[in-house]
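Trainee: Provided below are the primary sequence and the corresponding predicted coordinates.
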Amino acid sequence: METVYQQDPLYAKAVAIICEVLKVKPELVKPESNIKNDLGADSLDTVSLLMSLEDAFKEPISDETALTLETVGDVVAFISSRKTHVTAV
Amino acid sequence: MKRRVVITGIGIVAPNGATATEFWENCLALQSSVQHIPQNWLNYWQPQSRLWAPLPSIDFDARGINRIERMQLDKSAILAILSAQEALKNANLHSKLIDEKKNLFFINGFSGDRTAIFMGTGIGGISSFAGNEGYHILSPLLNKLQKIAVSPDEFSDVVRAPSRFNPFAVSMTMPNTCSATLGIRFSITGPNRTVCNACASGTMAIGQAFEAIVAGMADAALAGGAEYLADEYGGVFRGFDVAKTLVKQCDDPQTANRPFDRKRSGFLFAEGGSAVLVLEELSQAQNRGAPIIAEVLSHAETFDAHSVMSIDASARQIRRMISKALEEANVLPGEIDYINTHGTSTEQNDEIEAFTIESIFGTRPLINATKALTGHTIGAAGAIETAVTAMSIARKTTHACKNLDEPIRPLNFVTKSGPFEIKTAFTQSFAFGGHNAGLVLREFCS
């Protein structure tokens, strides 16, 4: 699974944003990394991360959706699904 | 014995300069920033004034304000940070990064507990408020247009909204956003206050910081003002335009803004600006070998109790403010070598201010108006002008009065930028509401 993610440009872009906002090294960011517990995001960091992801992917993230995005994999899966959805439409 | 207070650092961002050095060089060269207002503002109304003073292009990343911070901070707070970090650097105070994620610093050799922050602002985070309010009001309309198969692009000339309601809307909008942001960024934990008295805010913030140090509440302070007034829709500009305060003769933009000239027609609205001064109790400054720019001798405030929108023609409270400032400084009117005026270029202000100066100080002191070069930065104006006053003392040089062809009074207006013997100086500000404030500064003598 990790290999598939790492080959995905969307994953790479998401990791770059996570590293920029949370000031963590890329090698520490795994698909299963919990954004709060493993990467040290507090509530303000989480808001900043969501804003950065919205800007980078031109995709609004609702408050309800934000609550479901616990891991890096959750973030990538959500953005990927939205991008697929948008493309299909 | 009264504690003495000195200015040891200055940082400035203004329409005619992104740093204090650039600003000063442009002031002496009479370079100002004057352009036509953004075209899209004209989609909302037909203003009487068509000019403003935009800020210069600033590389925020290069100056330490990262993309994440720019999403979370009102631009007034960003300008305040830029000014503060420049002021600290010029005061030979070095900041150490203590939190990379939050971009927080500690000032080496400074006691955070004994340092205060006094920042002035006229309208706080009005720009952020306008943007978020725009999203709040317009996003349902945009959704409805899409539902009835009308492209929102057809209305994009007037229906423009940010991409989101910013989660930091409250902290960006609150008037104390600048003072709080500076305290957090530089780990300054002493008294932290916001002075919100319109166009006199910057002068009062510096004056109240001076008083706090004299009283022993703090040994140092970051003090000044910051303002950011542009919004997507031009609504802030409209407020001043409808009040008929803005420059009207706009045929030749470079000559439109002309304080104390017979052909003046109003003030030039500035996009924003900021100035922050490092104030220190004298012994602290001397003990660390700080560069001393000038000494602050006194601060005085009065209130007109007359009108929220116009200056009292009798100038009774302005005269009382000046008298108090001179008395506290133990300085006679004849000892004032230079006055940096409020000088807005409005008909009423300049008439009353010039007459009052002449009646108290005569025609000896040098007179200039920095707003001729910056436009009116509202809450930052008094701080920028105090900085100019201090720099004029320290460098024995000051700028001329731009566009002053026919002075309304026979005052000693500076007609050419250059060297002058300036030892003791006065700067004053007046504000909507009726606030008057002034500071007496002097060349430092140990």
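Mentor: The structure has been received and is ready for your questions.

Trainee: Please list the residues of chain A that sit near chain B.
Mentor: A:20-23, A:45, A:47-48, A:51-52, A:54-55, A:60 (CB under 8 Å from any CB of the partner chain). Just so you know, the C-beta spots here come from the backbone N, C-alpha and C atoms, and that holds for glycine as well.

Trainee: want to throw the residues you listed into CSV with distance to residue B:202?
Mentor: Listed next are the residues of chain A next to chain B as CSV, based on distance: CB to CB, whole Å:
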residue, distance to residue B:202
A:20, 35
A:21, 34
A:22, 37
A:23, 34
A:45, 34
A:47, 32
A:48, 31
A:51, 31
A:52, 34
A:54, 36
A:55, 33
A:60, 39
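
Trainee: Tell me which entries of those lie within helices.
Mentor: A:20-22, A:45, A:47-48, A:51-52, A:54-55 (DSSP state H).

Trainee: and those, which are buried?
Mentor: A:20-22, A:45, A:47-48, A:51-52, A:54 (16 or more other CB atoms under 10 Å in any protein chain shown).

Trainee: so which strand or helix has residue B:416?
Mentor: Under the criterion DSSP states H and E, no helix or strand holds residue B:416.

Trainee: Enumerate every residue touching the closest residue to it other than its chain neighbours.
Mentor: Closest residue to residue B:416 apart from its sequence neighbours, by CB to CB, 6 or more residues apart in numbering or on different chains: residue B:400 at 5.2 Å. By CB atoms under 8 Å, 6 or more residues apart in numbering or on different chains, residue B:400 lies in contact with B:30, B:368, B:414-417.

Trainee: I'd like the residues of chain A next to chain B written out as JSON lines, with pLDDT added.
Mentor: Shown next, in JSON lines, are the residues of chain A next to chain B (pLDDT from 0 to 100):
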{"residue": "A:20", "pLDDT": "95"}
{"residue": "A:21", "pLDDT": "96"}
{"residue": "A:22", "pLDDT": "96"}
{"residue": "A:23", "pLDDT": "94"}
{"residue": "A:45", "pLDDT": "94"}
{"residue": "A:47", "pLDDT": "94"}
{"residue": "A:48", "pLDDT": "95"}
{"residue": "A:51", "pLDDT": "95"}
{"residue": "A:52", "pLDDT": "95"}
{"residue": "A:54", "pLDDT": "93"}
{"residue": "A:55", "pLDDT": "92"}
{"residue": "A:60", "pLDDT": "89"}
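
Trainee: Could you identify the most distant pair in those?
Mentor: Greatest spacing in these, by CB to CB: A:23 and A:60 (25.1 Å).

Trainee: ok, the two, which is more surrounded?
Mentor: Set side by side, residue A:23 and residue A:60 show more neighbours around residue A:23, with 16 against 11, by other CB atoms under 10 Å in any protein chain shown.

Trainee: near chain A at all, stretch B:161-180?
Mentor: Yes - counting by CB under 8 Å from any CB, contacts between stretch B:161-180 and chain A involve B:163-164, B:166-168.

Trainee: And for residue B:229, the neighbour number?
Mentor: Using other CB under 10 Å, the number of residues around residue B:229 comes to 27.

Trainee: show me what contacts residue B:214?
Mentor: The contact partners of residue B:214, taken as CB under 8 Å, 6+ apart, are B:2-3, B:5.

Trainee: Which of the residues you listed has the largest number of neighbours?
Mentor: Within these, neighbour counts (other CB under 10 Å) peak at residue B:5, which reaches 25 neighbours.

Trainee: That one contacts residue B:296, correct?
Mentor: Yes - the criterion here is CB atoms under 8 Å, and residue B:5 meets it with residue B:296 at 4.7 Å.

Trainee: Common neighbours of these two, please.
Mentor: Shared contacts of residue B:5 and residue B:296, defined by CB under 8 Å, 6+ apart, comprise B:210, B:279.

Trainee: can you tell me the helix or strand for the residue nearest to the spatial centre of chain A?
Mentor: Centroid-nearest residue in chain A: residue A:75, 3.6 Å away (criterion: CA atoms, centre = their mean). With elements taken from DSSP H and E, the one containing residue A:75 is helix A:72-88.

Trainee: Pull the residues that contact that helix.
Mentor: Under CB under 8 Å, 6+ apart, the answer for helix A:72-88 is A:1, A:5, A:8, A:10-11, A:14-15, A:18, A:29-33, A:35, A:39, A:53, A:57, A:59, A:61, A:65, A:68-69.

Trainee: Distance from that helix to the middle of the chain?
Mentor: 10 Å (CA atoms, centre = their mean, to the nearest Å).

Trainee: circling back: generate a ChimeraX selection restricted to the buried subset of the contacts of helix A:72-88.
Mentor: Typed into ChimeraX, the line below selects the buried ones among those, using 16+ other CB under 10 Å:
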select /A:5,11,14,15,18,29,30,31,33,35,39,53,57,61,69
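
Trainee: Wait, residue B:101 touches residue A:18, no?
Mentor: No - the pair residue B:101 / residue A:18 is not scored as a contact, 12.0 Å apart, by CB under 8 Å.

Trainee: Just the buried residues out of the residues of stretch B:161-180 next to chain A, in ChimeraX syntax.
Mentor: Buried residues within these, by 16+ other CB under 10 Å, are selected in ChimeraX with:
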select /B:164,166,167,168
